[in-house]
Every structure is written in C-alpha cells, then in structure tokens.
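Student: turn this into a model:
(one chain, ligands or ions: 1)
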Amino acid sequence: MKFRDVLGKKEVWPPPIWLMRQAGRYLPEYRATRAKAGDFISLCLNPVLAEEVTLQPIHKFGFDAAILFSDILILPMALGQGLRFAEGEGPRMPPLEDIGTLKPEQAAGVYAPVMETVSRLRGSLPQETALIGFAGGPATVACYMLDGQGGGFPRTRRLAYEQPDFVRQVLKVLTEATIEYLSAQVKAGADCVMLFESWAGIFPPAQFREFVISPNRRICEILKERHKGLKIIGFPRLAGLMLGEYAREAGVDAVGLDSVTGLPEARAACTAGTVFQGNLDPLLLKLGGRAMDEAVKRMLDEVRGHPHILNLGHGITPDVPEAHVARLVELVRQSG
Ligand SMILES: Cc1c2[nH]c(c1CCC(=O)O)Cc1[nH]c(c(CCC(=O)O)c1C)Cc1[nH]c(c(CCC(=O)O)c1C)Cc1[nH]c(c(C)c1CCC(=O)O)C2
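Tutor: This is a model prediction of the structure:
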C-alpha cells in the first residue's frame, strides 16, 4: 500500500493524498446524511451512517486514505464529560473541575459504536486505501475539557502555571484512555493512527515538552509495543521552533505540518528522512484558480525526492467548492 510505504520512509510518486476533514459540510451528500442522523454526535455514534460519510470523499475523489469519521471530543464524552455541538458555534462541555467525575472504566462501552464503524470500513474500503484511525492529542483534548470550548483556552493556560498538578492528572487520565481508544481502533482494523495536537502551539517550550511531547511519546511507545509495525502520524499544529524536538522525541513516524511552516524550514529543523504530511493552505483550496494551481505545483517540486503525504495544513472549510478538490487531486496524480 502506497500510504504505508511512505510511512515506512519510502519515496512514492505521485505522493499519496488525503485531506483533513475530507468528510464534511462542503459535500452535499455529507449534509444529507448528517440531516438523517439528526445531529453531529448521533452521526459519530451511528456506525452505518458514519461509514457512509467516511466513504463519500473516497468514492468522489479517490483519495489514498480514508479517515474514520468521528471527533476528538468523543473520547472525553465517553469518559463522562457532557458534550454538545451548538449549531454554528462549535463544541461545548461543562469545564472540568474534578478529575473524580471522569469514568475511564465506562469509556469503552460508550465508544463501542466507533469501533464498529472502523471494522465496517476496513471491510468496505478498497484494499489499496489506507484507513486512518485517530484521537486528539492529550494536551489538545485537555484544552477543550478544561475550558469547555475553543477560543484561546484562557483557563487551561492559567491552570498550566497555577495548578500544574491538576493539569498533569488530567493528562495522565487522558493519555491512558487515548492508548486504549487507539488500541481498540487498531484491533478493529485501522491501518495507522493519527494524533491531532491541534493546539500544541499555545504552550511555551517547557509546557510543550511536558504536556505535548511526553504524553505523545508514551502513547506511541505503548501502542507500538502492543501492535508491531503500527505507524503513527503526529500533528503538533503551530509547534514553531519546537517542531524538531517533537519530530525527534515524540515517537511518531510522520509529522503533520501546518501551513505557516515551510517545508524547507521543517526539513532543516528535523532529522534527515523525517516523513512529513501537509501542508497546503486551506484558503487556497477555497480560492482555486491560478493561485491554487501554482501553490500545488510549488509544493510538488518541494516534496519530490522525499517521502511525503500530501494534505492541507488544517481542515477543509465548509465553503470549499468540490471542483477545487477534484482539481487538486488531478494536479497531484498528473505530476508523473
Ligand atoms: C479540534 C478538533 C475537533 N475535531 C477534530 C479536531 C482536530 C483537528 C482540527 O484542529 O480541526 C478532528 C476531527 N473532526 C472531524 C474529523 C473526522 C474526519 C475527517 O477529517 O474527515 C476529525 C479527524 C469531524 C468533524 N468535527 C466537526 C465537524 C463539523 C460538524 C458538523 O457537521 O456540523 C466535522 C465534520 C465539529 C468540530 N469538532 C471540533 C470542533 C472545534 C468542531 C467545530 C468546528 C466546525 O464546525 O468545523 C473539535
């Protein structure tokens, strides 16, 4: 499988491509299935409909990888923290006050439907299409749990300085729960897994080391012990100058890059041979036209000769025209 080869540091041309949030609101068929499900969380916990939306972008665009349709906040919900998605506002949870309210022993029962989605998908996907399982990185999930919503995470930032032991306890519970959650996905049929540390970039270096790199490393170590040959992609978004240390120390096989990190600069910061994933600016996919064509060609020139997985630097936005996605895939596949 092309995708696995790249994760094993082999250069493959044209490079495999998939897009973060490839199943989503820019697709009319996604909106139709979501309406059938009722709401977003019900969609995540409905194996038949979650399988359906995972496959939609594969059938339409022929991506090299499918990503399980779920959300990083399903895990804290399974641990017992209330979760709702306010229409047009994003996720909301009651900010976590007491670690004793979390119920790790109940989580597997709540996320069981997600595992059913994974096993259905491995049965229905073409052999050559990789199935990516995923979880939020513990630091990123803790941000939502502690603040209860996105938007800068001011409470998390304050607690990290004033009550670091509380933050450490939350991260410990999350790290162990994430290991079990991802391990269950691999057993159910995921070919590789990705850790979304989307808010890694809010932590200064000492906290980045302790709250991002260490938990990521523990997750990678235990998962790789349990599942020989498992490949793991880490996405430490906006890591800045901590990127090299993350790539060396976190134990991941490939590093997802955001759009403000240049590929030549990333290469200079990391050990030779580091596999990257990314990092077209999602705005270019919305704009299309010459701006997108030129940027994609530049990116292809930059990745030629290196093991690389083509992707965006962050998720597709709902306002992206489908024709631009088709054009992107065409540019990559024609780059022989
Ligand atoms: C921070 C984060 C979340 N979820 C996720 C992250 C990390 C990546 C990132 O930074 O984007 C990850 C995620 N969310 C979703 C997936 C599914 C797989 C895929 O990429 O196609 C994945 C991998 C579906 C989703 N997750 C969400 C949607 C939109 C929900 C809808 O249909 O209304 C989808 C398709 C909702 C969501 N979920 C989350 C937020 C902040 C929001 C609201 C923002 C928005 O509405 O776009 C939390």
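
Student: got the end-to-end distance for stretch 26-46?
Tutor: 21 Å (C-alpha to C-alpha, to the nearest Å).

Student: and the contacts of it?
Tutor: For stretch 26-46, the external contacting residues (C-beta atoms under 8 Å, 6 or more residues apart in numbering) are 23-25, 49-50, 52-53, 56-57, 60, 69-71, 74, 77, 83-85, 113-114, 316-322, 325. Any C-beta I mention is one placed from the backbone N, CA and C, and that applies to glycine too.

Student: from the residues you listed, which would you call buried?
Tutor: By neighbour count, with 16 or more other C-beta atoms under 10 Å, those hold 23-24, 49-50, 52-53, 56-57, 69-71, 74, 77, 83, 113-114, 316, 320, 325 as buried.

Student: the ligand contacts on this structure?
Tutor: 20-25, 34, 40, 67, 69, 71-73, 90-91, 134, 150, 196, 198, 315 (C-beta under 6 Å from any ligand atom).

Student: repeat the analysis, applying 5 Å as the threshold.
Tutor: 20-24, 40, 67, 71-72, 90, 196, 198, 315 (C-beta under 5 Å from any ligand atom).

Student: can you flag which of the residues you listed belong to helices?
Tutor: If you go by DSSP state H, these have Phe40 in helices.

Student: using neighbour counts, trim the residues of the chain next to the ligand to the buried set.
Tutor: Met20, Arg21, Gln22, Ala23, Gly24, Phe40, Ile67, Asp71, Ile72, Phe196, Ser198.

Student: I figured the third one hits Leu55, correct?
Tutor: Yep, that's Gln22 we're talking about. No - applying C-beta atoms under 8 Å, one finds Gln22 not in contact with Leu55, separated by 10.7 Å.

Student: buried stuff in the helix or strand Glu180 falls within?
Tutor: Assigned by DSSP states H and E, Glu180 falls within helix 164-188. For helix 164-188, a neighbour-count test (16+ other C-beta under 10 Å) marks 166-167, 170-171, 173-179, 181-186, 188 as buried.

Student: now do it: which elements does it pack against?
Tutor: Helices and strands touching helix 164-188, as assessed by 3 or more C-beta pairs under 8 Å, 6 or more residues apart in numbering; DSSP states H and E, comprise helix 74-78, helix 104-124, strand 130-136, helix 138-147, helix 154-162, strand 192-197, helix 214-226.

Student: nearest to Lys297, out of those?
Tutor: Among the helices and strands packed on helix 164-188, strand 130-136 comes nearest to Lys297, with 25.2 Å by C-beta to C-beta.

Student: mind listing what the closest one pairs with, with the direction of each?
Tutor: Strand 130-136 sits in its sheet next to strand 65-67 (parallel), strand 192-197 (parallel), going by DSSP bridges.

Student: to Ser259, which of those strands lies closest?
Tutor: Comparing the strands paired with strand 130-136 under C-beta to C-beta, the one sitting nearest is strand 192-197, at 15.5 Å.

Student: the helices in the stretch 201-336 of the chain, which residues?
Tutor: Per DSSP state H, counting those that start in this stretch, the stretch 201-336 of the chain carries helices over the ranges 205-207, 214-226, 243-249, 263-269, 282-287, 289-303, 322-333.

Student: dump the ones you listed into a markdown table; add mean pLDDT as well.
Tutor: Shown next, in a markdown table, are these (pLDDT from 0 to 100):
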| stretch | mean pLDDT |
| --- | --- |
| helix 205-207 | 98 |
| helix 214-226 | 98 |
| helix 243-249 | 98 |
| helix 263-269 | 97 |
| helix 282-287 | 98 |
| helix 289-303 | 98 |
| helix 322-333 | 98 |
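
Student: ok, now which ones touch Lys8?
Tutor: That one is not Lys; residue 8 is Gly. Contacts of Gly8 by C-beta under 8 Å, 6+ apart are Lys231, Asp253.

Student: and it, its phi and psi?
Tutor: Gly8 has phi and psi values of phi -90, psi 20 when expressed as degrees, to the nearest 10.

Student: tell me the confidence at it?
Tutor: For Gly8, the model assigns a pLDDT of 96.

Student: just use 362 as the starting number from now, easier for me
Tutor: Noted, 362 is the first residue going forward, which turns the last one into Gly369.

Student: do you know how far it is from Val636?
Tutor: 9 Å (C-beta to C-beta, to the nearest Å).

Student: which non-adjacent residue is nearest Met438?
Tutor: Leu444 (4.1 Å; C-beta to C-beta, 6 or more residues apart in numbering).

Student: same question, Glu412
Tutor: Arg481 (4.7 Å).

Student: do Leu645 as well
Tutor: Among residues not flanking Leu645 along the chain, Met653 sits closest, at 4.5 Å (C-beta to C-beta, 6+ apart).

Student: dump the residue contacts of that neighbour.
Tutor: Contacts of Met653 by C-beta under 8 Å, 6+ apart are Leu645, Leu646, His685, Arg688, Leu689.
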